[in-house]
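In: any chance you could fold what I've pasted below:
(one chain, ligands or ions: 2)
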Amino acid sequence: MRIYDGQDIRNVALVGHGDTGKTQLVSALLFTAGMVNRLGKVDEGTSVTDYDEEEIQRKFSITAGLAYAEWGKNKINFIDTPGYNIFMHETEGALLAADAALLLIHGVAGIEVQTEKAWGFGEKYGLPRALVINQMDRDRASFERTLEALHATFGRSVVPLQLPIGEEKSFHGVIDLVRLKASLYDSNGSGKAKQVEIPTELKDAASKGHEALVEMVAEGNDKLMEEFFEKGTLPEEHLVPGLRAAIYDKRLYPVVVAAGLPNIGSENLLNFMVDYLPSPLERKEVEGLQHEGGEPVKRKIADEQPVSAFVFKTVADPFAGRVSYFKVMSGILKNEANLTNFDRVTTERLSHIGVVQGKTQTPVAELHAGDIGEVAKLKDTLTGDTLGDKGAPIVFRKLKLAEPAISFAIETKSRSDEDKLSTAIHRMLEEDLLLRFSRDPQTKEFLLSGAGQQHVEVAVSKLKRRFNIDVTLKAPKVPYRETIRARAEAQGKHKKQTGGHGQYGDAWIKLEPLPRGAGFEFVNDIFGGAIPKNYIPAVEKGIVEAASKGYLAGYPVVDFRVILFDGSYHEVDSSEIAFKLAASKGFKKGMEQAKACLLEPIMNVEITVPESNAGDIMGNLNGRRGRVQGMEAKGGSTVIKAQVPLAEMLTYASDLTSMTQGCGTYSMEYSHYEIVPQQIADKIVAAHKPSAEEEEE
Ligand SMILES: Nc1nc2c(ncn2[C@@H]2O[C@H](COP(=O)(O)OP(=O)(O)OP(=O)(O)O)[C@@H](O)[C@H]2O)c(=O)[nH]1
Ligand SMILES: [Mg+2]
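Out: Residues are numbered from 1 along each chain as shown. Ligands and ions are numbered 1, 2, ... in the order given. Predicted coordinates for the structure are as follows:
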């Protein structure tokens, strides 16, 4: 394996809506560059970057896959990312290692929901972007129509660098608008092109495209503008660097064409990336912090600098253990290096560093600033951590993740797996930052949370396949609460005289409703020592405990005040425990008159769907007791904002997928609690039959 200098490296992430052909295209590019000896296909489960069994089975990408092509004197590192909405956190995380993004656009479907999301990631991380109109060989694929849509959404800085030769079945070549040359591809899928003159019927379109490109390049640069005015054009030796700079400065977003499955356009695309996308060194420096929460520091991206490496992804391999993917941000990382983890202040030995081609690792002696690599078996290092030379501390920007949107209770099918479960899940959490594992304090069940139902299902399926643990997912739980709507007054008395020491506690309490979100208040209103001071905390404790167990259906009682206003005691028989029990009895008695009711969490939901689906989505929200609060057109999509009870959103992920053929996305976050409508509450209460154990208490 050759060692590459940063200036000869390109780190390119392929992003875009699901099914635009990212994974297929990477396989085509690798085959064209001679990195693999056959053209891998997603549909046959042989692509390079969808190698995980889960991905092979489902035929879409779930995690970011890494690969590289050695092309001339250059190396292009590819990061193939998922396009499905529930895995986009993985895409965003992988972009932290990229220096440019190829945004794939489906030649038939055009701009889709995740297209704009992926574009947004590019903006957020300041990445130069190129647009690839892909699958040009498909029936009804259209360069013209897709380009129009791109202009409408992303503006006029979107400029073609290539034109297709033929469309749909007859797509077989590419015109390079910079050098005004044509490349023709065979139908044998080699990805290699034959250089020819531009076909006569396309000459006009090509020279128009060339002029438009030259004009856009000149526009942002005074010197080039002068030359352009003088000569009416720009010579190639000025146009190429000018174009490169315009792409790097994000003044211009080039459009190219391809079809990964028949492997057309690949040679042009490889050349394009080398010629026009930036090397990692072009950023010159990268910003970090001295330590988490510390002062900002800058680091030059150069080999002469101290070593620093950013871990952007972790894979939990059942055999190799933890595998960390990293980008060398500065310095030369040598095999067997001892580096400090600046996030955890530990030392790690990087034995056997390598480069990644899908599932295959190749050892390397060293990696230079800007390159991407892999190392197994780090002790404490997780995704987002920075490693580096001890004397030069720095930590790089981490990914900020949204909260998971959905939780399921999980249970191992066999009891004997219970011990293994938590270890296995924790390794999976290392791999996927949006998965969460917790224990429900009320039900004591284990909860697995993620971005959507399918996300959690994939995790469960991995548990089975990688760690051989079978679990069942139970219907997601809604964290209901209980509260009261009326004042009440009650006496709680606990008295037992069974030989020897007796027990005596007696407390009079008032219950009062409080506004939503107020929680619990306890007021001691005892005068004249009806209950000695040292027993008062026991009364409060008794009420808090009883309230946590609920009155109607086992959910904690909230938003109420208890006033302790009278009681009595016994010199010998009173005790803390007796007052606790008395208070608990008083609370239960009071609840009988306090008009107890259930509360449910209401979520703020934001749904993005193709315009044509908006009507159906609104109707569907009505059926879910949703209140629509706004609707807004954005590109070809409609964004709907609504408040919906969480209980109605549990199956939303799969319903939205079927309503929109997978084109809809949504996010939600907790807003507030509201009273559950009576009819629904009755059902929940009826379903909660207290167990024998609870009755006894
Ligand atoms: N006709 C045609 N089909 C293609 C082309 N590229 C990909 N496909 C098919 O489109 C489907 C999706 O391709 P993928 O490469 O998995 O798409 P992706 O963008 O990686 O999808 P996600 O991983 O879900 O984001 C597969 O069935 C491919 O065979 C193409 O250029 N032409
Ligand atoms: Mg894919």
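In: write out the residues of the stretch 251-400 of the chain neighbouring ligand 1.
Out: 259, 260, 261 (C-beta under 6 Å from any ligand atom). Any C-beta I mention is one placed from the backbone N, CA and C, and that applies to glycine too.
In: neighbour-wise, which one of the residues you listed leads?
Out: Counting neighbours by other C-beta atoms under 10 Å, residue 260 leads these with 31 neighbours.
In: list the contacts of that one.
Out: By C-beta atoms under 8 Å, 6 or more residues apart in numbering, the residues touching residue 260 are 21, 24, 25, 26, 27, 28, 29, 134, 135, 266.
In: residues contacting the residue nearest to the last one when sequence neighbours are not counted?
Out: In other words, residue 266. What sits nearest to residue 266 in space, not counting adjacent residues and going by C-beta to C-beta, 6 or more residues apart in numbering, is residue 191, at 3.6 Å. Contacts for residue 191 (C-beta under 8 Å, 6+ apart) come out as 28, 29, 31, 32, 39, 185, 263, 264, 266, 267.
In: what is the nearest of the residues of the stretch 251-400 of the chain next to ligand 1 to residue 448?
Out: Using C-beta to C-beta, residue 260 comes nearest to residue 448 of those, at 34.7 Å.
In: can you give me the neighbour number for the residue lying closest to residue 323 once chain neighbours are set aside?
Out: Leaving aside its sequence neighbours, residue 323 sits nearest to residue 315 (C-beta to C-beta, 6+ apart; 4.3 Å). By the criterion of other C-beta under 10 Å, residue 315 has 22 neighbours.
In: doesn't residue 428 make contact with residue 315?
Out: No: between residue 315 and residue 428 there is no contact under C-beta atoms under 8 Å: 10.4 Å.
In: my read is that residue 157 contacts residue 219, right?
Out: No: using C-beta under 8 Å as the test, residue 157 is too far from residue 219 to be in contact (9.5 Å).
In: what touches both of the two?
Out: Both residue 157 and residue 219 are contacted by residue 251, under the criterion C-beta under 8 Å, 6+ apart.
In: identify the residues contacting residue 239.
Out: Contacts for residue 239 were tallied using C-beta under 8 Å, 6+ apart; they are 178, 213, 214, 217.
In: scratch that, residue 72 is what I was asking about
Out: residue 274.
In: same question, residue 65
Out: 23, 26, 48, 49, 50, 51, 79, 80, 358.
In: redo that, cut-off 6 Å
Out: Residues in contact with residue 65 (C-beta atoms under 6 Å, 6 or more residues apart in numbering) are 49, 80.
In: check what pLDDT it gets.
Out: For residue 65, the model assigns a pLDDT of 97.
In: bridged to it, which residues?
Out: Per DSSP bridges, the residues bridged to residue 65 are residue 80.
In: mind checking how far it is from residue 86?
Out: Here residue 65 is placed at a distance of 17 Å from residue 86 (C-beta to C-beta, to the nearest Å).
In: pLDDT averaged over stretch 119-127 - what is it?
Out: For stretch 119-127, the mean per-residue pLDDT is 95.
In: CA-only coordinates of it in PDB, if you can.
Out: Provided in PDB are the C-alpha atoms of stretch 119-127 (Å, rounded to 0.1, in the frame of the first residue of the first chain):
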ATOM      1  CA  TRP A 119     -27.500  19.800   1.500                       C
ATOM      2  CA  GLY A 120     -28.100  21.300   4.900                       C
ATOM      3  CA  PHE A 121     -25.400  19.200   6.500                       C
ATOM      4  CA  GLY A 122     -23.000  20.400   3.800                       C
ATOM      5  CA  GLU A 123     -23.900  24.000   4.700                       C
ATOM      6  CA  LYS A 124     -23.500  23.300   8.400                       C
ATOM      7  CA  TYR A 125     -20.100  21.800   8.100                       C
ATOM      8  CA  GLY A 126     -18.900  24.200   5.400                       C
ATOM      9  CA  LEU A 127     -18.300  21.500   2.800                       C
END
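In: so which bits of that stretch are buried?
Out: Going by neighbour count (16 or more other C-beta atoms under 10 Å), the buried part of stretch 119-127 is 119, 121, 122, 125, 127.
In: widest-spaced pair of those?
Out: The span of those, defined through C-beta to C-beta, is set by 119 and 125 at 11.4 Å.
In: residue boundaries of the helices in the stretch 101-250 of the chain?
Out: 113-124, 143-154, 200-219, 222-231, 236-248 (DSSP state H, counting those that start in this stretch).
In: nope, the stretch 251-400 of the chain is what I was after
Out: Here the stretch 251-400 of the chain has its helices, by DSSP H, counting those that start in this stretch, at 266-276.
In: of the contacts of residue 239, closest to ligand 1?
Out: Ligand 1 lies nearest to residue 178 out of the contacts of residue 239, by C-beta to the nearest ligand atom, at 23.4 Å.
In: distance check, that closest one against ligand 2.
Out: 29 Å (C-beta to the ion, to the nearest Å).
In: how many residues are close by that residue?
Out: With other C-beta under 10 Å as criterion, residue 178 counts 20.
In: what does residue 180 give?
Out: Residue 180: 15 surrounding residues under other C-beta under 10 Å.
In: how about residue 571?
Out: 7.
In: for the residue in the stretch 101-250 of the chain positioned nearest to ligand 1, which non-adjacent residue is spatially closest?
Out: The stretch 101-250 of the chain approaches ligand 1 most closely through residue 135 (3.9 Å), counting by C-beta to the nearest ligand atom. Spatial nearest neighbour of residue 135, excluding adjacent residues (C-beta to C-beta, 6+ apart): residue 107 at 4.6 Å.
In: buried ones in the top strand by length along the chain?
Out: Of all segments of type strand in the chain, defined using DSSP state E, the longest is strand 596-610. For strand 596-610, the neighbour count (16+ other C-beta under 10 Å) marks 596-603, 605-610 as buried.
In: just to revisit the earlier point, most surrounded residue in the contacts of residue 239?
Out: These, ranked by neighbours (other C-beta under 10 Å): first place residue 217, 27 neighbours.
In: ok, now which ones touch the spatially closest residue to that one that is not a sequence neighbour?
Out: Sequence neighbours aside, residue 242 is the residue nearest to residue 217 in space, at 4.5 Å (criterion: C-beta to C-beta, 6+ apart). By C-beta under 6 Å, 6+ apart, the residues touching residue 242 are 217, 221, 224.
In: tell me the residue furthest from the middle of the chain?
Out: Within the chain, the residue lying farthest from the chain centre (C-alpha atoms, centre = their mean) is residue 499, at 65.0 Å.
In: what helix or strand is that residue located in?
Out: Under the criterion DSSP states H and E, no helix or strand holds residue 499.
In: quick check: it vs ligand 1, distance?
Out: 74 Å (C-beta to the nearest ligand atom, to the nearest Å).
In: show me what contacts that residue?
Out: Residue 499 sits next to no residue when contact means C-beta under 6 Å, 6+ apart.
In: go on, residue 558?
Out: 481, 483, 519.
In: between the residues you listed, which sits nearest ligand 1?
Out: The closest of these, once distances to ligand 1 are taken by C-beta to the nearest ligand atom, is residue 481, at 39.1 Å.
In: so who does residue 228 touch?
Out: Contacts of residue 228 by C-beta under 6 Å, 6+ apart are 218, 234.
In: give me the pLDDT value at it.
Out: 92.
In: if we can go back for a sec, using PDB, write out every CA atom in the helix or strand just after the longest strand of the chain.
Out: Downstream of strand 596-610, the first helix or strand assigned by DSSP H and E is helix 614-623. C-alpha atoms of helix 614-623 as PDB (Å, rounded to 0.1, in the frame of the first residue of the first chain):
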ATOM      1  CA  ALA A 614     -49.700  17.000   2.500                       C
ATOM      2  CA  GLY A 615     -53.500  16.600   2.400                       C
ATOM      3  CA  ASP A 616     -53.400  13.000   3.400                       C
ATOM      4  CA  ILE A 617     -51.000  13.800   6.200                       C
ATOM      5  CA  MET A 618     -53.300  16.500   7.600                       C
ATOM      6  CA  GLY A 619     -56.300  14.100   7.600                       C
ATOM      7  CA  ASN A 620     -54.200  11.500   9.300                       C
ATOM      8  CA  LEU A 621     -53.100  13.900  12.000                       C
ATOM      9  CA  ASN A 622     -56.800  14.700  12.800                       C
ATOM     10  CA  GLY A 623     -57.300  11.000  13.400                       C
END
